[in-house]
Structures are given as C-alpha cells and as structure tokens.
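A.B. asks: I'll drop the sequence and a predicted model, then ask my questions.
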Amino acid sequence: MTQPTQLLVFATRPHPCGYLPEQQATTLFVDPDAPMDAELYEQLTLIGFRRSGSHVYRPHCSRCRACISARIPVADFAPNRSQRRLFRRNRNLRARLVEDLEAPEYYRLYERYLCARHRDGDMYPPSSEQFHDFLGSQWQTTRYVRFDLEDSLLAVAVIDLLDRGLSAIYTFYDPAPEHSVRSLGTYAILWQVEWARQLGLDDVYLGYWIRNCPRMSYKSNFRPLELLLHDRWVRMDASSRLNPVPD
C-alpha cells in the first residue's frame, strides 16, 4: 500500500480565501493519479487532509495557520444542556441510510440550501454536476443519511466511514425559517457522534476549525474537541479556551 510519505502533492497558486476574506490561501492536493484506497485515505485524514469529491487536500498557506483540523473523541463526548435539548427537539425525525443521491429531491434540497445560506461561497451557484462531483468519492467509503419529518425530506448528511472513525463531509438541509429551531447542521453532527458510538468508532472528524470564521464557530461547542496542532492531536475540554494559533 502507498504510504503518505511517498505521495506526490501539488500546491495551488495563492487565491482568495473562502473563509477569511483578508487572506490568500494555498492548498496542497494529493496527486489525483496516485493509487488511493480507504486505508490510505484514513491515514491522510489522521494528518489533517480532507476530500472534495475524489480530490484529497490540505491548507498550506505561507502566512496563515488558521485552518486547524478538528475531531470529536466519541468515547468521551458528553452533550451539553443545549445539545441534549436539541436531540429531544428532533426526536420526531427519522434517519436512514440511502444508497445514493440520484433522486431529484436531493439536488433540489442542496440547491435551495446553497441559494439560501451560501450565496457568498465558492460553491455558488450550484449545479447538478458540481453536486455529484463534490459529494461522492471512488473509494467505497461514503455513506448518505437522510433525515425525514414524516414524509418530507429535511436534511442529508454525507459521511465517510473509516476503520476508526467517521468523517463528516457535508450536511445540507431545508433552509425554511420554520425549521431553524431544529439547528439541523448541529443535530446532524450529534447524530453522527451517536452512530459512531454504536459502531465502536473512535472519532468524528469535523474538517477545519477557524477561530475567526463565524461559519466554523459551531464546532467549538462540541467538547471535548481535539485539534491537530504541530502534527499532534491536542484535547480541548470544557474548560479550555479554543484560541490556539500555531506558530
């Protein structure tokens, strides 16, 4: 099997950062022609890589280290009072795994979500081709979970199932104001933590936490939280201040 140290990576040219407007971003991409499998993908996840479709990447900015990989240690996670309330509020939702996102209702929900919530993001405007390229992968690790209220689709969580954890790839949901009280994005993460517990897995990977990015602030509400700092996973418990900035 190919080891991460043997992989060829490519760096993009500096480009405007999608999270911190005043910054220029550079991204490392693993050679798309490299032989990738689930085991190698998990090794890369452990050292801070993510995926977008079948492209595996990690921030590599010369003047900024704000993007910090974050994960929830499942065995030690205990929901706070607000998260317990949220679980109760969503107990009438039904979650089930589906094989794919080919049915038109999934793209319609994704389109509504992006148009309502992320008009300023890199993925706007949405397209069907972008939808499928972004969420799927070629390594047979991806699972799709739909959340229904009676017969209505409210949310979809895209999750990569690893040997030792889950990687929360993306969640999109109904942006209608009447559903805002459900905090569906946060609920989807809580559901994944519980699913990982049932599967006997160690961690749920949340992607990158960025201290000064409001869109990432929800991740700091999960405690304990582990951050990848100087190539080492460092635990932040309920009393820790989540304000590390690596050198």
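C.D. replies: That came through fine. Residues are numbered from 1 along each chain as shown.
A.B. asks: care to break the chain down by domain?
C.D. replies: Split into domains by automatic domain parsing, the chain comes to 4-68, 76-218.
A.B. asks: hang on, residue 185 is in a strand, isn't it?
C.D. replies: No - read with DSSP: H, G, I helix; E, B strand; the rest coil, residue 185 is helix and lies in no strand.
A.B. asks: how about the contacts made by the nearest residue to it once chain neighbours are set aside?
C.D. replies: In this structure, residue 185 finds its nearest non-sequential neighbour in residue 171, 5.3 Å apart by C-beta to C-beta, 6 or more residues apart in numbering. Where you see a C-beta, it was placed from the backbone N, CA and C, and this is true even at glycine. The neighbourhood of residue 171, defined by C-beta atoms under 8 Å, 6 or more residues apart in numbering, consists of 155-158, 184-185, 188-189.
A.B. asks: and the helices in the protein?
C.D. replies: Using DSSP state H, the helices of the chain run over residues 38-46, 81-89, 104-117, 128-135, 184-199.
A.B. asks: okay, the ones you listed in TSV with mean pLDDT next?
C.D. replies: Shown next, in TSV, are these (pLDDT from 0 to 100):
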stretch	mean pLDDT
helix 38-46	96
helix 81-89	97
helix 104-117	96
helix 128-135	94
helix 184-199	98
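A.B. asks: CSV for the contacts of residue 171, including neighbour count and distance to residue 176?
C.D. replies: Formatted as CSV, the entries for those read as follows, by neighbours: other C-beta atoms under 10 Å; distance: C-beta to C-beta, whole Å:
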residue, neighbour count, distance to residue 176
155, 25, 12
156, 23, 15
157, 25, 18
158, 20, 21
184, 24, 11
185, 17, 14
188, 23, 16
189, 22, 20
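A.B. asks: now the helix or strand bottoming out on mean pLDDT in the chain, how far from the centre of its chain.
C.D. replies: Every helix and strand in the chain was compared by mean pLDDT, DSSP states H and E; the lowest is strand 15-16, with a mean of 91. Here the centre of strand 15-16 is set off from its chain's centre by 21 Å, with C-alpha atoms, centre = their mean, to the nearest Å.
A.B. asks: return the list of strands paired to it, each annotated with direction.
C.D. replies: Using DSSP bridges, strand 15-16 pairs in its sheet with strand 24-25 (antiparallel).
A.B. asks: what does the average pLDDT come to for the strand it pairs with?
C.D. replies: Mean pLDDT, computed over strand 24-25, is 94.
A.B. asks: stretch 137-157 now?
C.D. replies: Average pLDDT, stretch 137-157: 95.
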